[in-house]
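Starting from these lines, generate the structure:
(2 chains)
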Amino acid sequence: MRTDWHRLDATQLAHEHQSGARSVVDTIAACCARTQRLQPRWNAYLALDCERALARAHTLERAVTRGRLHGVPIAVKANLAVKGLESSCASRMLAGWRAPYSATVVERLEAEGAVVIGTTNMDEYAMGSSGESSAFGATRNPWDETRAPGGSSSGSAAAVAGHLVPLALGSDTGGSVRQPAAWCGLAGFKPTWGRISRYGLVAYASSLDCVAPLARSVRDLELALEIMAGPDARDATCSHSVLPAPVHYKDLEGLVLGIPQEWREALTDGPSRVAFEACVQAARAAGARLVEVSLPLTRHAVSCYYLLATVEAASNLARFDGLRYGMRADDYSGRGHNSSLAVSIAASRTQGFGSEVKRRIVLGTYALSAGHADAWHAHAAKVRTLVCREFDDAWRQCDALLGPTTPFPAIRLGERSHDPLALYACDALTTPVSLAGLPAASLRAPLVLHDGVQLPSGAQVVTQRGADRLSLRIAEVLEAQLGTQALPSPAAEVEA
Amino acid sequence: MNLVRQVDTTAWLSPQTGQLWELVIGLEVHCQLATQSKLFCGCAVEFGAAPNTRVCAVCSAQPGSLPVLNGEALRLAVRAGVALGCSIATHTHFDRKHYFYCDLPKGYQISQAARPFCTGGGVRLRSGKLVRLQRIHLEEDAGKAIHDRGAETLVDLNRAGVPLIESVTEADLAAPEEAVEYLAALKETLQHAGVSACDMEKGELRCDVNVSVRKPGAAYGTKVEIKNLNSFRFVAAAIEYELQRQVAALESGDPAQRIVQETRLWDTEQGVTRSMRTKEGAADYRYMPEPDLPELQLPASFVERERSMLGEPPAERRARWQHRWHLSAKDAEALTHTRELADWFEAAVRAGAPPKECASFLLNEVLTAQPDSLSLLLPRQVASLVTMVAAGEVSHASARSVLRVTLAEGTEPEVVVQQHGLRMVLDTRQIEDWCRQALVGREAIIADVKAGKAAAVNALLGPALKLAAGKANAAVVRETLLRLIAES
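Alright, predicted model coming up:
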């Protein structure tokens, strides 16, 4: 049995399975063994189903038609529906809830031969930037186990960074895939809003939510995008426009990249600035013309995002009332139908949701309530329009934007978990892009020395709505130029 | 208190105080659209199905599910607006209306707040008064909470997500009978436009009434809303009750009886309204745009297509029939009971049936024969039967038997007439022959007739018809008898 499967990316692994050079059953068996062994160390998964994965591997091994992800093990964030698997959203509210159907993206990946190993840990209902709001314990960053992997797609990031799978699905609402990608030294891609079907993604903030892949190479992200994109009759907001054919760039000759000065200035520490300047240099070396652009509304993006996202969250989470599925509190009492109903719903939600989720529901309810909606929700909606216009202005000056993904590298576990505003600051550079619904590829940037340890950093390439391919192509050229993809990650050496 | 309605007005006199009072009424009507499936998922709309058997991931609000708009519901909503003379918005969107209840799986209802499909329009009453519509919007129904099966409340989600249109009038109505007339006209329009079956027994048409009283010409008083009335009779009775209650309260001068803005429920058993919740306890619905459904653009061609589906308004149809075809008002009314029946009747006339005779045959014979008669017959078949009767070729009694056979076996009426030998004998010489035989030995009667007692001939009618074995027309036989007596 070959045990080097975990060093390969999804594209390579699928090739070897397709050609018969490698056995799918061997890969999945080794993957399950490694996962079970390392699960206690990083707490990447919430639910594992190795039995199901192995059964599928045997079927795939015999299959005549072999898809583009033939036999590739994947991890799926626990807010995506995988039929029969527990998708708890890392909440006590949904503990034990097995989806009665599969998300469109899961169906499409499985149709290409992907094998779902399990559902991954996350911030509860995707609300968080460190993975620490999970009701089932924080996930650890495989690069430094005292640190957070980022969030909210914490488990998916840790699973890919820990070489438990080459490819994982997360969701990116305000940066929940790009930020953990940056903190775990991965590539992560947030598509144009509406490019990939959201059917089967448990909604947090619908007008911002995107299903988003995480991988160790940009080419894997593009493969995942190709498979997942496309119209879906079950999601009315999923674009009917066809993903354009791939464009191959060897370099960035003829392209203009804008560097937002506010994003550059948001970097708080010297090493992070150095790492980002290396990315800028790489872009220049690859032939891009660089211009400085200004996005002054960046400083309002976090406030605007947290108002709009919480308003939608309060609405989307209203369905978790304990009546049809999920946790129902049993220690309630009341008189009359309505009274006992209200008491039961309140008790279930009080016991079922964690404090960050409750904070956001209260915030969002307040911001949309009579007498306050104009001052908060309507105002934030206007700011969002202005943010979109600011990006539109930028597209008159450049083809793409290049900026850091996060203001600082991975934080220590517990460092900001009691200070929500400090934690929200992690999203300063990802939320503007989310508000505008733009595609953004985050790639692995050079390591930074931080508090005496080498930590990964990330850079994001943002393009116009619909130009998903372009952002990935530029990221791939930069990845090659920087050589970061080829650098080893310490977790690969952790043997099962 | 017993207020006295003033003759030919919409004012009521209070006998105690001598004060005149007026009613101010506005109606909100929920009407279920005649679609095969629900508004945002593929589940069947089916009244009376076993509980929770018409439910899927979407309408039970499973985590991760998303709504997709049913295009047929959109078409019917637009058609309703066109039928009622509303202006149709070119751009519109859905909103979420939030509240917690066990029959509302998502914790919000997908409805329309800021930009409804239709604004303006209205319904004209027989008096010439126009009841203006404020708006019509499209929304989903909630499920059903069942409280009367033991200690626990049960929830049936079959109805959750069924498409509804809500139409809201201005406060233009001034009397219970005006409200009922408006509702009847609205129902007829929606039925004939094919928008809804409006079956009130099945809850397909439900009405909320806003009602207040005032002194003539004064500003509007405080209104109360009476929710969920499911019959015209209850609407009238509830308005009547509120009129009495509100005037009594206002005239009492008692601050404790002050009218408060509130929602009331109609108690069908006691015939009274009861307070459900006051405005202070009213929910804050926190409307917000529905992010899961894209904004809708309705091109003019879309609206025009629905306009072309409307057909002739029932009132115009009745007028045309009465004027051109000389139908009685009663028959015209009965035949426009549904669009289907009206279209059927027109088709039979187009197939050659004489209209008046056809109307009477349809109403008195076909519709009374069996409940599904119309679906078993072709308009052409009834046309041919009625034509034969009108020409005297088939007797009324025979036509009834032919109808029975055609309904049961599907045989063409001409064939039935042929096979059963039901065609009337029109040959004068044959009829004279039967009459001569009937006259044999009846000299007394002949003498009576000759003496001027024409009615005496009736005694010969039976024997003559018996000889003809029912194949002769009685009137023709009578005439022939009289002629033969006169000639003898």
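
Relative to residue B:108, how far out is the closest residue to chain B within the stretch 301-450 of chain A?
Closest contact between the stretch 301-450 of chain A and chain B, by Cβ to the nearest Cβ, is at residue A:318 (2.4 Å). Using the backbone N, CA and C atoms, a C-beta is placed for each residue, glycine as well. Noted for residue A:318: a distance of 6 Å to residue B:108, by Cβ to Cβ, to the nearest Å.

Now the common contact residues for those two.
By Cβ atoms under 8 Å, 6 or more residues apart in numbering or on different chains, residue A:318 and residue B:108 have these common neighbours: residue B:98.

give me phi/psi at the closest residue to chain A within the stretch 251-400 of chain B?
Closest to chain A within the stretch 251-400 of chain B is residue B:291: 3.9 Å, counting by Cβ to the nearest Cβ. Main-chain dihedrals, residue B:291, degrees, to the nearest 10: phi -80, psi -10.

Burial check on it, number of neighbours?
Residue B:291 has 21 neighbouring residues, counting by other Cβ atoms under 10 Å in any protein chain shown.

so is residue A:444 in a helix, a strand, or just coil?
Under DSSP: H, G, I helix; E, B strand; the rest coil, residue A:444 falls in the strand class.

With residue A:257 instead?
Classification of residue A:257 using three-state DSSP returns strand.

Go through chain B and flag its longest strand.
When chain B is parsed with DSSP state E, its longest strand is strand B:20-32.

In which helix or strand does the residue nearest to residue B:428 when sequence neighbours are not counted reside?
Residue nearest to residue B:428 in three dimensions, not counting chain neighbours: residue B:480, with 7.6 Å by Cβ to Cβ, 6 or more residues apart in numbering or on different chains. In this assignment (DSSP states H and E), residue B:480 forms part of helix B:474-487.

who's in contact with that helix?
Residues from elsewhere that reach helix B:474-487, judged by Cβ under 8 Å, 6+ apart: B:392, B:428, B:431-432, B:434-436, B:438-439, B:446, B:449-450, B:454, B:457-458, B:460-461, B:464-465, B:468.

lowest confidence element among the helices and strands of chain B?
The weakest-scoring helix or strand in chain B, judged by mean pLDDT, DSSP states H and E, is strand B:272-278 (a mean of 84).

Give the buried residues for that one.
When burial is assessed from 16 or more other Cβ atoms under 10 Å in any protein chain shown, strand B:272-278 yields the following buried residues: residue B:273.

That strand and chain A, any residue contact?
No. Using Cβ under 8 Å from any Cβ of the partner chain, strand B:272-278 never reaches chain A; the gap is at least 9.9 Å.

How far does the next helix or strand after that strand sit from its chain's centre?
Downstream of strand B:272-278, the next assigned helix or strand under DSSP H and E is strand B:288-289. With Cα atoms, centre = their mean, to the nearest Å as the basis, strand B:288-289 stands 35 Å off its chain's centre.

Stretch B:170-181 too?
Mean C-alpha position of stretch B:170-181 versus that of the full chain (Cα atoms, centre = their mean) differs by 18 Å.
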